[in-house]
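[1] Fold the following, please.
(chains A and B)
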Amino acid sequence: MTTTISNSIEVLQDLKKWQGTLRLKILNMYFKANAGHIGCSLSCIDLMIASLMSHKRKDEVFILSKGHAAASLYACLHELGEISDELLSTYYKEGTVLPAHPAPNKISGIPFATGSLGHGLPIALGIAQANKILGNDETTYVLMSDGETNEGTTWEAAHYAVAKQLDNLIVMIDKNGLQGFGNTNQVLGISADATKWQVMGFEVAECDGHDVEALYQQIDFFKNNKNGLPKVIIANTVKGKGVSYMENRLEWHYLPMNPEQYAVATNDILKAYL
Amino acid sequence: MRREFSDAIEKIAIEDEKVVFITGDLGYNALENLQAAMGNRFINAGVAEQNMVGLAAGLAYKGFKVFCYSIAPFVVYRCWEQFRNDVCLHNLPVFLVGNGGGYGYGIMGSSHHAIEDLAGLSSLQNVKCWIPAFSDEVEPFLNQIVADARPAYLRLGAGKKTPSLDTDFGGLKLLYKASNAKGSIVSLGPVANNVMNALENEELSGQFNVFTAYNLPMKIEKEAFQLIQEAEKLLVVEEHVSTGGLAQQLSVQLLENGVSLKKFVSLRAEGYPDGTYGSQTYHQTQSGLDSQNIAIKLKCFME
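    Below you'll find the model as predicted:
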């Protein structure tokens, strides 16, 4: 059933609320763990709010291909009740099933372990292809980073998705413009370029990756537009979105926060979102 | 074994609607019937092996048992990480099928040889590698692979019929048991035929216990260790490099089980010792895997 914005005011309120609460949860997790990868979790959390948190049905699959943003996935699954308080408190600790990158076979909401880039899209194709063979009306969601689209599997998988008409697949690319050791346009060029994906045969939407309402609407449209074309949302995002000193800074791919930085970060989020 | 494989897989695919077959754009003059029989469960994933194996993992997650078929090196090396991360760590029923293991593709050259495949694949979590030595083993192995529904690799080669059957010791198959054995031979894959040819020599015939190893990693039963211990000398023959191959894996098992040998000789793929290329037989000979050299080694065991 199509969900339209006009009849889902409550959903929209949730989306906006989650922008703040999930960011606070992520920051708290990283601070307690004294861990990095904060910037990449903050750049993709709004995409996860508009897909995993709101659109995805229980029987559908969401794959976080950019596994280094695992904290954002754990935060969402905690919010959805799939990860308990007790379990979440083990994040990054000895003996945990919530390591820095998602582990295999541990949490039902994490169907596949990721962390090596370029794996999620081919797996998502397999799930989408299975749904086609079985005649299931399920959408498969996969979230990638823009740096990840450097990987050759992206291009193998993209051609497959088009050739096999996997219109039940929604790819989301978190295009924050920064990758491991530089700006994406200076490393290999823009592999998450809308024209390239369009030329390959995808139905492409380029969106503000932090406008949860627009993202929600776009996904809603894509879910219901079964025209034989696989879908991609190229989401323009800001690494570290919401925390003043992290935004667009490469180092926040790696650094943990000290107590002062944590205080500033939470204050920034409270001011901006809550 | 390619024909035996396509006949057997066709039967399986027709009987079991949960089987999906993906080819990496290979199968000309071998898989056409399978393609026609399977309909949308037969997929040509193109020349894109990494995507093929990730795709297979996704299909397996949704309940399918998935074969990924190509020439052995192509379905092993390029997509090893996909097989490790997406398939083996999740213990999913994805089965790699590599045609032409070892030097099977001969004059096609080094790109088409798979002589390090078992070292790479048998080291992974939850996996079972299947290495038929004889063509009549392909069908029962395939049936077992599907029944097990766990990550697997089937290494196909050019094999004849099993010469005499056979006692199974959990990954080791005893083809011949000698009374008062002068030693034991364990071989892997179709190079077993060279062993059988060497044993046609009058002096050697009936003098050795003869095994083939068909599963890696192996878990051998006690009776096999006893036979190997009693015969005191062991020759291992494999069309695979030494590192991570049969001889290395077997020797750990022997040591852990207290087997002490008077002589241990390993014949294995030596790569491309002088940088020249030829048929499978040519490469076997260069590595000392030919029946003549095997006979020479065995004669030393008679002393």
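[2] going forward, measure contacts and count neighbours with C-alpha atoms only.
    Fine.
[3] For the residue in the stretch 1-150 of chain A that chain B sits nearest to, give its distance to B:Met52.
    Residue nearest to chain B within the stretch 1-150 of chain A: A:Gly126 (3.9 Å; Cα to the nearest Cα). Distance, A:Gly126 to B:Met52, using Cα to Cα, to the nearest Å: 9 Å.
[4] Please say which of these two ends up with more neighbours.
    Neighbour tally, A:Gly126 and B:Met52, criterion other Cα atoms under 10 Å in any protein chain shown: the higher count belongs to B:Met52, 32 against 27.
[5] Give me the pLDDT for that one.
    What the model reports for B:Met52 is a pLDDT of 98.
[6] Provide the secondary structure category for A:Gln165.
    Secondary structure for A:Gln165, judged by DSSP: H, G, I helix; E, B strand; the rest coil, is coil.
[7] what's the neighbour count on it?
    Counted with other Cα under 10 Å, the neighbours of A:Gln165 add up to 20.
[8] same deal with A:Asp220?
    19.
[9] any bit of the host helix or strand of B:Ile22 sitting next to chain A?
    Element membership for B:Ile22, per DSSP states H and E: strand B:19-23. No. Using Cα under 8 Å from any Cα of the partner chain, strand B:19-23 stays clear of chain A, coming no nearer than 9.5 Å.
[10] Neighbouring strands of that strand in the sheet, and parallel or not?
    strand B:42-44 (parallel), strand B:65-71 (parallel) (DSSP bridges).
[11] surely the residue of the stretch 1-150 of chain A closest to chain B meets B:Val53?
    No. With contact defined as Cα atoms under 8 Å, A:Gly126 does not count as touching B:Val53 (9.1 Å).
[12] in its sheet, what does the helix or strand bottoming out on mean pLDDT in chain B sit against?
    Across the helices and strands of chain B, the lowest-confidence element by mean pLDDT, DSSP states H and E is strand B:167-168, at a mean of 75. When pairing is defined by DSSP bridges, strand B:167-168 lines up against strand B:172-176 (antiparallel).
[13] Can you tell me what sits against the strand holding B:Ile22?
    Strand B:19-23 has contacts (Cα atoms under 8 Å, 6 or more residues apart in numbering or on different chains) with B:12-13, B:41-46, B:52, B:56, B:64-70.
[14] For it, what is the distance to the chain centroid?
    Distance, stretch centre to chain centre, for strand B:19-23: 20 Å (Cα atoms, centre = their mean, to the nearest Å).
[15] Output the next helix or strand after it as CSV, nothing but the C-alphas.
    Per DSSP H and E, the first helix or strand lying C-terminal to strand B:19-23 is helix B:32-38. C-alpha atoms of helix B:32-38 as CSV (Å, rounded to 0.1, in the frame of the first residue of the first chain):
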residue,chain,number,x,y,z
GLU,B,32,22.6,-25.8,-22.6
ASN,B,33,20.2,-28.5,-21.4
LEU,B,34,20.5,-27.4,-17.9
GLN,B,35,19.7,-23.8,-18.9
ALA,B,36,16.6,-25.0,-20.7
ALA,B,37,15.5,-27.2,-17.8
MET,B,38,16.0,-24.7,-15.0
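[16] And helix B:32-38, what's buried?
    Buried residues in helix B:32-38, counting neighbours by 16 or more other Cα atoms under 10 Å in any protein chain shown, are found at B:Leu34, B:Gln35, B:Met38.
[17] Neighbours of A:Ile38, how many?
    Neighbourhood size, A:Ile38 [other Cα under 10 Å]: 30.
[18] My guess is it contacts A:Leu27. True?
    Yes. If you go by Cα under 8 Å, A:Ile38 and A:Leu27 touch, sitting 7.3 Å apart.
[19] And the nearest residue in space to B:Ile220 that is not next to it in sequence, how far from chain A?
    Nearest residue to B:Ile220, sequence neighbours excluded (Cα to Cα, 6 or more residues apart in numbering or on different chains): B:Gly170, at 5.0 Å. For B:Gly170, the distance to chain A equals 28 Å [Cα to the nearest Cα, to the nearest Å].
[20] is it true that B:Gly170 touches B:Lys222?
    No. Counting by Cα under 8 Å, B:Gly170 sits too far from B:Lys222 to count as a contact (9.5 Å).
[21] Those two: which has the busier surroundings?
    A count of neighbours by other Cα under 10 Å puts B:Gly170 above the other of B:Gly170 and B:Lys222, at 15 against 12.
[22] quick one, what contacts residue 198?
    No chain specified, so I'll use chain A. So A:Gln198 contacts A:Val204 (Cα under 8 Å, 6+ apart).
[23] try chain B instead
    B:Ala198 makes contact with B:Leu204, B:Ser291, B:Gln292, B:Ile294, B:Ala295 under the criterion Cα under 8 Å, 6+ apart.
[24] so what's the nearest residue to A:Leu42 once chain neighbours are set aside scoring on pLDDT?
    Leaving aside its chain neighbours, A:Leu42 sits nearest to A:Gly240 (5.0 Å; criterion: Cα to Cα, 6+ apart). On pLDDT, A:Gly240 comes in at 98.
[25] ok, A:Gly240 - how many residues close by?
    For A:Gly240, the neighbour count with other Cα under 10 Å is 25.
[26] where along the chain do the helices fall?
    Defaulting to chain A. For chain A, the helices defined by DSSP state H cover A:9-33, A:38-50, A:70-79, A:85-88, A:120-134, A:152-163, A:184-187, A:194-200, A:212-223, A:259-273.
[27] you looked at the wrong chain, it should be chain B
    With DSSP H as the criterion, chain B has helices at B:2-15, B:32-38, B:49-61, B:72-76, B:80-82, B:117-122, B:138-148, B:192-198, B:222-231, B:246-256, B:280-286, B:291-302.
[28] Tell me which of those helices sits most buried.
    Mean neighbour count (mean count of other Cα atoms under 10 Å in any protein chain shown) peaks for helix B:49-61 among those, with a mean of 30.
[29] In stretch B:269-281, which residues are buried?
    B:Ala269, B:Glu270, B:Gly271, B:Tyr277, B:Gln280, B:Thr281.
[30] wait, doesn't the last one sit right on B:Asp290?
    Yes. When contacts are counted by Cα under 8 Å, B:Thr281 is listed as touching B:Asp290 (7.3 Å).
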